[in-house]
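1. Could you look at this predicted model? Sequence included:
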Amino acid sequence: MKANATVRERRLQREEKTLRIMVKIYCNAHHDTSQKLCEACQGQLDYGVQRLHSCPQLDDKPTCANCKIHCYTPAHREAIREIMRFSGPRMTFRHPFLAFNHLFDLLRKDKGKK
């Protein structure tokens, strides 16, 4: 991470790193991969990263689960839910700092959602 990155940039970098790790955990377990992601998981990761960086709520971005705008297509949304359901508990032991931050982000109130 850049030393002089803004809070928003650091958060986006952390969320992207979390997404990459979660997809890797899922792909390694479900598609018997070790170094590279399978084509389907790589596609899901690319889509998620693209959606993350084009989020219309960048200044006060909630987690996607708490967002009032759903920018994922229904098929991609279900796929990422499956990935996160599987990888989330495993993140606690493999990457506790990222897991804690993701949990903290989930618990934050979305100012725009009522």
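-> Sure, I can see it. Residues are numbered from 1 along each chain as shown.

2. Helix or strand with the lowest mean pLDDT in this protein?
-> helix 96-107 (a mean of 81; mean pLDDT, DSSP states H and E).

3. which outside residues touch that one?
-> The contact list for helix 96-107, computed with C-beta atoms under 8 Å, 6 or more residues apart in numbering, reads R14, E15, K17, T18, I21, P62, T63, A65, N66, G88, M91, T92. C-beta: built from backbone N, CA, C; applies to glycine.

4. same deal with stretch 19-39?
-> 40-42, 44-45, 48-49, 52, 82-84, 86-88, 90-91, 94-95, 98.

5. Buried among those residues? Make that a PyMOL selection.
-> Restricted to buried positions by 16 or more other C-beta atoms under 10 Å, the PyMOL selection for the contacts of stretch 19-39 reads:
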select buried, resi 41+44+45+48+49+52+83+84+87+88+91+95+98
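
6. how close does the residue nearest in space to the middle of the chain get to D46?
-> The centre of the chain sits closest to L19, judged by C-alpha atoms, centre = their mean, with a distance of 3.5 Å. Applying C-beta to C-beta, to the nearest Å, the value for L19 to D46 is 10 Å.

7. Same check on T92?
-> Computed as C-beta to C-beta, the T92 to D46 distance reads 26 Å.

8. what about the strands in this structure?
-> Counting by DSSP state E, the chain has no strands at all.

9. ok, longest helix in it?
-> helix 7-30 (DSSP state H).

10. Any stretches of this protein with poor pLDDT?
-> Residue ranges of the chain with pLDDT under 70: 1-5, 58-59, 108-114.

11. Can you show me the CA trace of stretch 49-67 as PDB?
-> Extracted C-alpha coordinates of stretch 49-67, given in PDB (Å, rounded to 0.1, in the frame of the first residue of the first chain):
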ATOM      1  CA  VAL A  49     -12.800  -6.100  -8.500                       C
ATOM      2  CA  GLN A  50     -14.300  -4.100 -11.400                       C
ATOM      3  CA  ARG A  51     -17.500  -3.500  -9.500                       C
ATOM      4  CA  LEU A  52     -15.600  -2.600  -6.300                       C
ATOM      5  CA  HIS A  53     -13.600   0.100  -8.200                       C
ATOM      6  CA  SER A  54     -16.600   1.500  -9.900                       C
ATOM      7  CA  CYS A  55     -18.800   1.700  -6.800                       C
ATOM      8  CA  PRO A  56     -21.000   4.800  -6.900                       C
ATOM      9  CA  GLN A  57     -20.700   5.100  -3.100                       C
ATOM     10  CA  LEU A  58     -16.900   5.300  -2.800                       C
ATOM     11  CA  ASP A  59     -16.800   8.100  -0.300                       C
ATOM     12  CA  ASP A  60     -18.800   6.300   2.300                       C
ATOM     13  CA  LYS A  61     -18.900   2.800   0.900                       C
ATOM     14  CA  PRO A  62     -20.800   0.100   2.900                       C
ATOM     15  CA  THR A  63     -20.100  -3.500   2.400                       C
ATOM     16  CA  CYS A  64     -21.900  -4.900  -0.600                       C
ATOM     17  CA  ALA A  65     -24.200  -6.900   1.700                       C
ATOM     18  CA  ASN A  66     -25.300  -3.700   3.400                       C
ATOM     19  CA  CYS A  67     -25.600  -1.500   0.300                       C
END
